[in-house]
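In: Provided below for reference: sequence and predicted model.
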There are 2 protein chains.
Amino acid sequence: MKSGSSFLLAARQCEIAELEQLARTCELVGVIGRLVHALQRERGLASVFLSSQGAIYAAQREQQAAACRVVEQEVRVHFEQLDTDASRVRNGSRLFSRVAVALHGLEGLPVLRERIAAQACEAPEATAAYIKLVAALLAVVFEAADAATDPEVSRALVAMFNFMQGKEFAGQERAFGARAFAAGAIAPEGVQQWRHLIDAQQGCFQAFADFSDPEVLRADQASRDPAVLAELERLRRIGCTSRGPLEQEASHAWYACCTRRIDAMKEVEDLLALNLRRLCETRIAQTRAELRDQRALLEEIASRPVGTAPYGPQLERSILDMVQEQSRRLQAMSDELDAVRSTLNERKVVERAKGLLMAHRAMSEDEAYKALRQMAMNQNRRLVDVAGAVLSLADVLPGGR
Amino acid sequence: MKSGSSFLLAARQCEIAELEQLARTCELVGVIGRLVHALQRERGLASVFLSSQGAIYAAQREQQAAACRVVEQEVRVHFEQLDTDASRVRNGSRLFSRVAVALHGLEGLPVLRERIAAQACEAPEATAAYIKLVAALLAVVFEAADAATDPEVSRALVAMFNFMQGKEFAGQERAFGARAFAAGAIAPEGVQQWRHLIDAQQGCFQAFADFSDPEVLRADQASRDPAVLAELERLRRIGCTSRGPLEQEASHAWYACCTRRIDAMKEVEDLLALNLRRLCETRIAQTRAELRDQRALLEEIASRPVGTAPYGPQLERSILDMVQEQSRRLQAMSDELDAVRSTLNERKVVERAKGLLMAHRAMSEDEAYKALRQMAMNQNRRLVDVAGAVLSLADVLPGGR
């Protein structure tokens, strides 16, 4: 029969097993980041290729698709590894559901690419398909952040998720602006949508900043070229405020400027991924060292000859102190984790409101999201507040579960 | 390489694995309930034995100790089984820490019993040791409730934990009142402590009622003998309001009345344990059936000859619908789980406040709890509110982490 002390060690071993699992999830997040970046490029090239009736970027688009396939393969290998130790994956059911959606999206890629190559679809349709796929990949990262069991790693994952999501909004803004400049005009509704993309980026980068350490923030600051930002803001101002027709040449300037900004973000993201990996290694090493110390101490206590001090009540005290200290530490970690995770709730509220609209109004996911965004714009409120209001109406809506 | 559909099935398999793990934890909770009940009896007998200088219950106490050892062995077997699949236990590190504390308490039992048999300690000291051990065992149940991944099971575990904790307060009240009547007098401070034990029971049974289904509530109602309750309230009134000396004979009436009440509670607890086991079985069977249906549907879709409707976009739609429905369901479950778990937070707030006082004021756990309770009594506030106030002062207190 096991003693109390051996469960003290088992608790520590569980922590190590969880951290090792978390390290694999973090690896996956890093690889997903690279795939998302590659898909963002492919999306931009495909959009220009289709808009130009195949005149521009034909070869580059093919090359980028090939590059994507290589990273996709890496992502699939990581997915596969997750599945191998399925029953050990914390929150496995939710993570695997997200993976299923992402894989389903990836499985549609070859057909999408064929249609793009044959110019059998329009640029907006192709762009929307890539946006959806990237969203599915980011949802895997979100779930990984939500399932993390270590507050420090969770914090880093939340920062990473928000950075990736912000970068994706920047990519969507690039595509949106490029189309607007290329079309030479923008409707008032389009201006609202543009503003939404800018606000969404700011929200994400603020959350990223809240959860990042000074080193990362310095790297992020250093990556922001003031000249690029000035050009970006100038073109945003022209795009958003111009009453007359837009200069079509500005489209290229816009695209180039956004791309410089996004590529700089990629470097920060790589740093985030590297730090995440190092953090996991450090936490595993720390916990292993703690396990070693604890085991040595317990063995030393157990081997003391009877009559040696501390024995009896004192010995009991020292083991009990150790046990209680560990309980308190785990509780503190759990509280901290709850605090970090609570920042992910805004997104969950929006997801739930979307689900509600889909169920009650027979809307597609896109339609539900657009409806929420429209409500937020009309009422000049934050998306999460509108989503909360929708949820609070859930009980009075007819039907549904 | 795995497809999206296979991850859909993997997600479901994870759910089943989690439910199976949960079923084992629920078994453990049931056995812990039996051990707690046996220890409560042993505590009562030991208290009377010591108070009567060994005149009363000498043989019964020995018999009860032997009965306890049998159940203790069962609990240890269940602990052992937990450890066997350590890395699969969700929240394992926290659960195992609690198990370590509980085992540590159990390891002290033989020495405690020797001292009681030799009348080498006073009744209050022995009672306090049993109270501490029971608290450690209930903490394991609390952790199990907090770690449950299925909202329905979590709900049943929260009800069970609150019932067990309420029953333990009833047991403490029995011992407290028996000593007060036996001593023939009660100090004003003692009256306050008595009232605290009554309020604590009410809080627990209210939480139990909030999370129980009608069947259990009916059984609970049926178990409450109005005659026993009337006698209990009469003796409580006498004990709490009497200014003069208490009738010592009332001690026996009090003990008998409380014991009838507590034994009736045990029957409800057994029903709770049985329902919990059945609920786990039902949920596992349901999820297995869903997995089977889903697998059959996916195989059927995969085997359709090309050209059969639905194929192409329609097929894609039907798999995607399935995937998204699953994601939504899991999110809804997770939201519901958070809501159920949030009711456990009051206890966590008290635990954290205790930890803070222990760290900053160098208090023992008992002292910290008594200090909080005293503050609550003096300010006529709820324990959890006082604990919250203590935590909000954390930043201004010197030292600490």
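Out: That came through fine.
In: From now on I want contacts and neighbour counts done on CA atoms only, so please keep to that.
Out: Will do.
In: shaky segments in chain A?
Out: Along chain A, the parts satisfying pLDDT under 70 run over A:1, A:83-90, A:305-317, A:394-401.
In: top helix in it by residue count?
Out: helix A:250-303 (DSSP state H).
In: and the next element down the chain from that helix?
Out: helix A:313-342 (DSSP states H and E).
In: before we move on, back to that, tell me how far the longest helix of chain A lies from the chain's centre.
Out: Offset of helix A:250-303 from its chain centre (CA atoms, centre = their mean, to the nearest Å): 15 Å.
In: Give me the contact status of it with chain B.
Out: No - if you take CA under 8 Å from any CA of the partner chain as the test, helix A:250-303 misses chain B, and the best it gets is 11.8 Å.
In: and the angle for that helix with helix A:313-342?
Out: Calculated by axes from the mean of the first three to the mean of the last three CA atoms, to 10 degrees, helix A:250-303 forms an angle of 170 degrees with helix A:313-342.
In: Which strands or helices does helix A:250-303 pack on?
Out: helix A:4-51, helix A:151-183, helix A:214-223, helix A:226-241 (3 or more CA pairs under 8 Å, 6 or more residues apart in numbering or on different chains; DSSP states H and E).
In: what angle do the longest one and helix A:313-342 make?
Out: What it means is helix A:4-51. 20 degrees.
In: What of the third one?
Out: Angle of helix A:214-223 versus helix A:313-342, following the same axes, to 10 degrees, is 20 degrees.
In: Can I get helix A:214-223 in PDB, CA atoms only?
Out: Output of helix A:214-223 as PDB, limited to C-alpha atoms (Å, rounded to 0.1, in the frame of the first residue of the first chain):
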ATOM      1  CA  PRO A 214       9.200  42.900 -21.100                       C
ATOM      2  CA  GLU A 215      11.600  41.100 -23.400                       C
ATOM      3  CA  VAL A 216       8.800  40.200 -25.900                       C
ATOM      4  CA  LEU A 217       7.300  43.700 -25.700                       C
ATOM      5  CA  ARG A 218      10.700  45.200 -26.500                       C
ATOM      6  CA  ALA A 219      11.100  42.900 -29.500                       C
ATOM      7  CA  ASP A 220       7.600  43.800 -30.500                       C
ATOM      8  CA  GLN A 221       8.400  47.500 -30.200                       C
ATOM      9  CA  ALA A 222      11.600  47.100 -32.200                       C
ATOM     10  CA  SER A 223       9.800  45.300 -34.900                       C
END
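In: Pull out the buried positions in that helix.
Out: Across helix A:214-223, burial judged by 16 or more other CA atoms under 10 Å in any protein chain shown covers A:Val216, A:Leu217, A:Asp220, A:Ser223.
In: Check the second one too.
Out: Of the residues in helix A:151-183, those scored as buried under the neighbour-count criterion (16+ other CA under 10 Å) are A:151-182.
In: re the thing from before, same list (the buried residues of helix A:214-223) but as a markdown table, adding distance to chain B.
Out: Output for the buried residues of helix A:214-223, formatted as a markdown table (distance: CA to the nearest CA, whole Å):
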| residue | distance to chain B |
| --- | --- |
| A:Val216 | 25 |
| A:Leu217 | 25 |
| A:Asp220 | 30 |
| A:Ser223 | 35 |
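In: and which of those is nearest B:Leu291?
Out: A:Val216 (43.9 Å; CA to CA).
In: show me the contacts for the closest one.
Out: A:Val216 is in contact with A:Val268, A:Leu271, A:Leu272, counting by CA atoms under 8 Å, 6 or more residues apart in numbering or on different chains.
In: please redo it, this time with the cut-off set to 10 Å
Out: A:Phe208, A:Ala209, A:Ala222, A:Val268, A:Glu269, A:Leu271, A:Leu272, A:Asn275 (CA atoms under 10 Å, 6 or more residues apart in numbering or on different chains).
In: Closest one to A:Gln119 out of the residues you listed, please.
Out: A:Glu269 (33.1 Å).
In: Assess the claim that that closest one and A:Leu157 are in contact.
Out: No - in this structure, A:Glu269 is not within contact of A:Leu157 by CA atoms under 10 Å, at 11.4 Å.
In: joint contacts of these two?
Out: A:Phe163.
In: what sits against A:Ala156?
Out: By CA under 10 Å, 6+ apart, the neighbours of A:Ala156 are A:26, A:145, A:150, A:162, A:208, A:211-213, A:272-273, A:275-276, A:279, A:340.
In: likewise A:Leu109?
Out: A:Ala65, A:Arg69, A:Leu103, A:Arg115, A:Ala129, A:Tyr130, A:Leu133.
In: Would you confirm that the first one contacts A:Arg113?
Out: Yes - using CA under 10 Å, A:Ala65 is in contact with A:Arg113, at 8.1 Å.
In: Need the overlap of contacts for these two.
Out: With CA under 10 Å, 6+ apart, A:Ala65 and A:Arg113 have common neighbours A:Glu42, A:Ala46.
In: quick one, which of those two is more surrounded?
Out: The neighbour count for A:Ala65 versus A:Arg113, taken as other CA atoms under 10 Å in any protein chain shown, is higher for A:Ala65 (21 against 18).
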